[in-house]
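Peer 1: Curious how this folds, go ahead:
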Amino acid sequence: GTFPETLPELNIASGQPGYVNLFNRGNQSFSFQILANQPWVKIKPSSGKIEKEQRIWISADWDQIPSGKHEAWLKIVSSGGKEVSVKVPVPKPDPAVLKGFKGFVESNGFVAIEAEHFTRNIPAGNLKWEVIPGLGKTLSGMKVFPVTASPQQAGKNSPCLEYDVYLMQSGKVYVQLYLSPTLNYFNDGGTELAVSFDNEEPVILNMNKDDQLKTWEGWVSNNINQVVSTHPVDKPGKHTLKIWMVDPGVVVQKIVLQTSTQKTTYLGEPESVNLTNKK
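Peer 2: Residues are numbered from 1 along each chain as shown. Down below sits the predicted model:
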């Protein structure tokens, strides 16, 4: 069969193993053996016979792995003599830093968050982000009430949603917001919100300045409007993402942080492991 060059990384936060499926595309059974170049990789089963298909579970003995970015290579050898090698990334955060952390942990280059799963919801006067259950494409939406609110200055007198995240690397981070389509009804300049990391100055985003009919039709047909901001992150580890209200009418459904290549998916990546909820 064919294999990807790199498998999804193993994630210490989730504790879940990875896997590959071996399929028999011929008429006769064959034997296989899987070898790893690192002693801390656990493969189950590491050998056997395949009649139709077999799922191979891959995990790590985390106590044997030092902190940092690692990778293991698996060599899959069949009885017919064919060999295939695949890479498994195995990043391990600093246990002392991760211990006691409550929030979302990056894996495979992203952190995906349903907007209602905030770490903190900080009001400003009588203004506050509130959950609208069942709204949107995946779970719900967050919107500031009362809806008659005046525009606010992000970082000063603005209600804020905070999300604690653990990032595996420093550098450029793309923050992709999945918003409900909203007409540019408030002012000619468009409807704005703001995003920041930690104590940086909020980055103002405009969600509908380009509200031509063709653009609006695309938002409505997909029931989503995506906007992206870029932020520098100076070090791996704990960070806090902040979503600030600027104009009323903004509904945030989902947030996806990407630390490698910026890409777009229809529903956004599946939600990341949240150690706040993990037992």
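Peer 1: For the rest of this, base every contact and every neighbour count on C-alpha atoms.
Peer 2: Noted.
Peer 1: Going along the chain, name the helices of the stretch 151-279 of the chain.
Peer 2: 213-222 (DSSP state H, counting those that start in this stretch).
Peer 1: where along the stretch 151-279 of the chain do the strands fall?
Peer 2: Secondary structure of the stretch 151-279 of the chain by DSSP state E, counting those that start in this stretch: the strands cover 160-167, 171-179, 192-197, 203-206, 225-233, 237-245, 251-258.
Peer 1: what about the ones you listed, which gets the closest to residue 136?
Peer 2: Closest approach to residue 136 among these is made by strand 251-258 (6.4 Å; CA to CA).
Peer 1: Could you list the buried residues of the closest one?
Peer 2: By neighbour count on 16 or more other CA atoms under 10 Å, the buried set for strand 251-258 is 251-258.
Peer 1: Equivalent analysis for stretch 149-169, please.
Peer 2: Neighbour counts using 16+ other CA under 10 Å place 151-155, 157-169 of stretch 149-169 among the buried residues.
Peer 1: show me where pLDDT drops low in this structure?
Peer 2: Residues of the chain meeting the criterion pLDDT under 70: 1-4, 183-188, 209-224, 261-267, 278-279.
Peer 1: Could you verify that residue 96 is part of a strand?
Peer 2: No: per DSSP: H, G, I helix; E, B strand; the rest coil, residue 96 lies outside any strand segment and is helix.
Peer 1: residues near residue 81, how many?
Peer 2: 8 (other CA atoms under 10 Å).
Peer 1: so it is in which element?
Peer 2: Using DSSP states H and E, residue 81 sits in no helix or strand.
Peer 1: ok so, going back, which one of the buried residues of strand 251-258 is nearest to residue 38?
Peer 2: residue 258 (28.4 Å).
Peer 1: so what's the closest one closest to, chain neighbours aside?
Peer 2: Excluding its sequence neighbours, the residue lying closest to residue 258 (CA to CA, 6 or more residues apart in numbering) is residue 110, at 4.4 Å.
Peer 1: okay, how far is it across stretch 152-160, tip to tip?
Peer 2: Criterion CA to CA, to the nearest Å; first-to-last residue distance in stretch 152-160 is 11 Å.
Peer 1: So what's the gap between that stretch and the chain middle?
Peer 2: Its chain's C-alpha centre and that of stretch 152-160 lie 26 Å apart, by CA atoms, centre = their mean, to the nearest Å.
Peer 1: tell me the phi and psi of residue 62?
Peer 2: Main-chain dihedrals, residue 62, degrees, to the nearest 10: phi -60, psi -30.
Peer 1: tell me the contacts of it?
Peer 2: By CA atoms under 8 Å, 6 or more residues apart in numbering, the contact list for residue 62 reads 12, 40, 92.
Peer 1: Only the buried subset of the residues you listed, as a PyMOL command please.
Peer 2: To isolate the buried ones among the contacts of residue 62 in PyMOL, judged by 16+ other CA under 10 Å, type:
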select buried, resi 12+92
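Peer 1: Go through the buried residues of strand 251-258 and say which is closest to residue 114.
Peer 2: residue 254 (4.6 Å).
Peer 1: Contacts only, for that closest one.
Peer 2: Residue 254 makes contact with 112-115, 141, 177-179, 268, according to CA under 8 Å, 6+ apart.
Peer 1: got it, and residue 124?
Peer 2: 157-160.
Peer 1: Which of those lies at the shortest distance from residue 25?
Peer 2: Within these, proximity to residue 25 (CA to CA) peaks at residue 160, which comes in at 54.4 Å.
Peer 1: Residue 246 is in contact with that closest one, correct?
Peer 2: No: checked against CA atoms under 8 Å, the pair residue 160 and residue 246 is beyond contact range at 9.9 Å.
Peer 1: Surely residue 127 touches residue 145?
Peer 2: Yes: if you go by CA under 8 Å, residue 127 and residue 145 touch, sitting 5.8 Å apart.
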